[in-house]
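Engineer: Any chance you could fold what I've pasted below:
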Amino acid sequence: MHKPSPAIGNYRWTICSLLFFATTINYLDRQVLSLLKPALEEEFGWTNTQYANIAAAFQFTYAIALLFAGRFVDRLGTKKGYVWAIVLWSLGAMIHYWSVPIGTGLCAVLGWTGIALMPASVLGFMFSRAFLAVGEAGNFPAAIKATAAYFPKKERAFATGIFNSGANIGAVLAPLTVPWIASKWGWGMAFILIGGIGFIWLIFWLIYYDNPAAQKRLSAAEFDYIHQDMEQITGAEEDKGDISWSQLLKFRQTWAFVVGKFLTDGVWWFFLFWLPAYLKDQYHMAPTEMMVPLALLYSITMIGSIGGGWFPAYFINQGEEVYTGRIKAMFVIALFPLVVLLAQPFGYISFWVPVFLIGIGAAAHQAWSANIFTTVSDMFPKKAIGSVVGIGGMAGGLGGVLITKVGGYLFDHYKALGHIEIGYSIMFAFCAVAYLLAWLIMKSLVPRYAAVNL
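Structural biologist: Residues are numbered from 1 along each chain as shown. Below you'll find the model as predicted:
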């Protein structure tokens, strides 16, 4: 990768670090529930299907909210859009503490609809998850938009890989902290303490972020470096736009992103929401026993996130056009999840075998994610990036809902037959091949670079 002169400045990496910490908090907040599942399942008597309904409430709301969050960020601008997002998701994380009384109240109010047939704990947690999802939907549209504003195209995948690795850090920190907090002060306090971290980040965002044209800490040389291959727009309105969804859906580039997200996002959701349950079901592990295996697994994913962001530079430095280099890198990345096919056949050796193999698959997802997000900023103008990311994010969320619901059904079905491992084998098989399928469709839709003019 080309290394700019130190005289250019590095303030853009300060922005990248802000995005990294926001994404870390984002994934900390969303993973608390999966780590508390064994305790909550025992306390409230949930089935796998009921837990799947709670997880799907987050995913479905997140999917729909992403569609609007992208437009919200495009219209309001990155700075204000991110403020609204983190305030809402931090409050959403904290209200899980009151999920049961919330559910009791909803049952009383909505009893005439038949919703009261659902246990109050399930309904209350579904509401809390939906609230969390509305705020969390703003993270990636705002982060991708900020990356497009502060980085030239050749650095965007690397920057995206770095901030996206916050998802891995969050996934590592969660199993190291949440079970411990719950064991000391109860599951409710885990939601309160983890949820409150977002308000600390907000202070730094308000101080250090502004659009490049209005950023006093950004040197003229770094501003020119950032804009070397971007549209030259000046003034505070540079990252605002109002482009209709119908306009964007006319482009094959939009549909390539949509299909890629729909087929692969659910794999990450599955790993995030079901791995603690998998270790409990197959290896009878207690939550505190999962801390080290899950932390190790998500530590492996950091390699994929940062390495995957850098990888296209290998092809670009050999003379490939940016999009061509990126799509070649994504093909290689799509091969790695195939090792997940071996997780069940060789899982009898030790639980460390599936942990390591699934870690490789999860790392490949993060490498894939860093690049698929960057295809949007490669081909769309800044004023449309939030909206396109929102459309694709909605598709990814709906794919996640589908995988979660299918997983919950399969696990309950095969658990009743005494062979829950078959359910996991089926789900791991899909997780293994999803990326190659997505790559083939994306490549057929956009075989070579084609910028979108709006």
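
Engineer: Pretty sure Ala133 sits against Ala56.
Structural biologist: No - the pair Ala133 / Ala56 is not scored as a contact, 10.6 Å apart, by C-beta atoms under 8 Å. Backbone N, C-alpha and C define where each C-beta goes, glycine included.

Engineer: Quick check: which ranges of the stretch 351-454 of the chain have low pLDDT?
Structural biologist: Low-confidence regions of the stretch 351-454 of the chain, defined by pLDDT under 70, span residues 454.

Engineer: 50 - rerun?
Structural biologist: Judged against pLDDT under 50, the stretch 351-454 of the chain has no low-scoring part.

Engineer: Which residue ranges of it form helices?
Structural biologist: Under the criterion DSSP state H, counting those that start in this stretch, the stretch 351-454 of the chain contains helices at 352-379, 382-416, 420-445.

Engineer: okay if I get the ones you listed as TSV plus distance to Leu272?
Structural biologist: Formatted as TSV, those follow (distance: least, C-beta to C-beta, whole Å):
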stretch	distance to Leu272
helix 352-379	9
helix 382-416	9
helix 420-445	12
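
Engineer: ok, the residue positioned nearest the centre of the chain - contacts?
Structural biologist: Residue closest to the mean C-alpha point of the chain, counted by C-alpha atoms, centre = their mean, is Ala167 at 6.7 Å. The contact partners of Ala167, taken as C-beta atoms under 8 Å, 6 or more residues apart in numbering, are 23-24, 26-27, 301, 305, 366.

Engineer: Gln247 is nearest to which of the helices of the stretch 351-454 of the chain?
Structural biologist: Evaluated over these, closeness to Gln247 peaks at helix 382-416, with 8.4 Å, by C-beta to C-beta.

Engineer: Would you mark the buried spots in the closest one?
Structural biologist: 382-408, 410-412, 414-415 (16 or more other C-beta atoms under 10 Å).

Engineer: quick one: low-confidence ranges for the stretch 101-250 of the chain?
Structural biologist: For the stretch 101-250 of the chain (pLDDT under 50), the answer is 231-238.

Engineer: before we move on, back to that, which one of the helices of the stretch 351-454 of the chain lies nearest to Ala65?
Structural biologist: Per C-beta to C-beta, nearest to Ala65 of the helices of the stretch 351-454 of the chain: helix 382-416, 8.2 Å.

Engineer: quick revisit: in helices only, show me the contacts of Ala167.
Structural biologist: 23-24, 26-27, 301, 305, 366 (DSSP state H).

Engineer: Can you say which of the residues you listed are buried?
Structural biologist: Buried members of the ones in helices among the contacts of Ala167, scored by 16+ other C-beta under 10 Å, are 23-24, 26-27, 301, 305, 366.

Engineer: Out of these, which is nearest to Pro101?
Structural biologist: Asn26 (26.2 Å).

Engineer: what does the model give the closest one for pLDDT?
Structural biologist: pLDDT for Asn26: 93.

Engineer: nearest spatial neighbour of it, skipping sequence neighbours?
Structural biologist: Nearest residue to Asn26 in three dimensions, chain neighbours excluded: Asn139, at 4.8 Å (C-beta to C-beta, 6 or more residues apart in numbering).

Engineer: and His284, what are its phi and psi?
Structural biologist: phi 50, psi 40 (degrees, to the nearest 10).

Engineer: neighbours of it, just the number please.
Structural biologist: 9 (other C-beta atoms under 10 Å).

Engineer: and what of the one 3 residues further on?
Structural biologist: Counted with other C-beta under 10 Å, residues neighbouring Pro287 total 21.

Engineer: Surely it touches Pro276?
Structural biologist: Yes - with contact defined as C-beta under 8 Å, Pro287 and Pro276 form a contacting pair (7.2 Å).

Engineer: joint contacts of these two?
Structural biologist: Counting by C-beta under 8 Å, 6+ apart, the residues touching both Pro287 and Pro276 are 35, 38.

Engineer: Quick check: Gln215 vs Ala148, distance?
Structural biologist: 15 Å (C-beta to C-beta, to the nearest Å).

Engineer: Those two - which one has more neighbours?
Structural biologist: When neighbours are counted by other C-beta under 10 Å, Ala148 comes out ahead of the other of Gln215 and Ala148, with 28 against 18.

Engineer: Excluding covalently adjacent residues, which one is nearest to the more buried one?
Structural biologist: For Ala148, ignoring the flanking residues on the chain, the nearest one in space by C-beta to C-beta, 6+ apart is Ser377 at 4.1 Å.

Engineer: you'd agree Asn164 is up against Thr24?
Structural biologist: No - Asn164 is beyond contact range of Thr24, at 10.3 Å (criterion: C-beta under 8 Å).

Engineer: residue contacts, Phe336?
Structural biologist: Contacts of Phe336 (C-beta under 8 Å, 6+ apart): 304, 360-361, 363-364, 367.

Engineer: again with Glu289
Structural biologist: Neighbours of Glu289 in contact, by C-beta under 8 Å, 6+ apart: Leu279.

Engineer: And the strands in the stretch 1-150 of the chain?
Structural biologist: In the stretch 1-150 of the chain, no strands are defined using DSSP state E, counting those that start in this stretch.

Engineer: burial of Leu321, as a residue count?
Structural biologist: Quick fix: residue 321 is Glu, not Leu. Neighbour count of Glu321, defined by other C-beta under 10 Å: 13.

Engineer: Gly135 too?
Structural biologist: 24.

Engineer: Brilliant, that's me finished.
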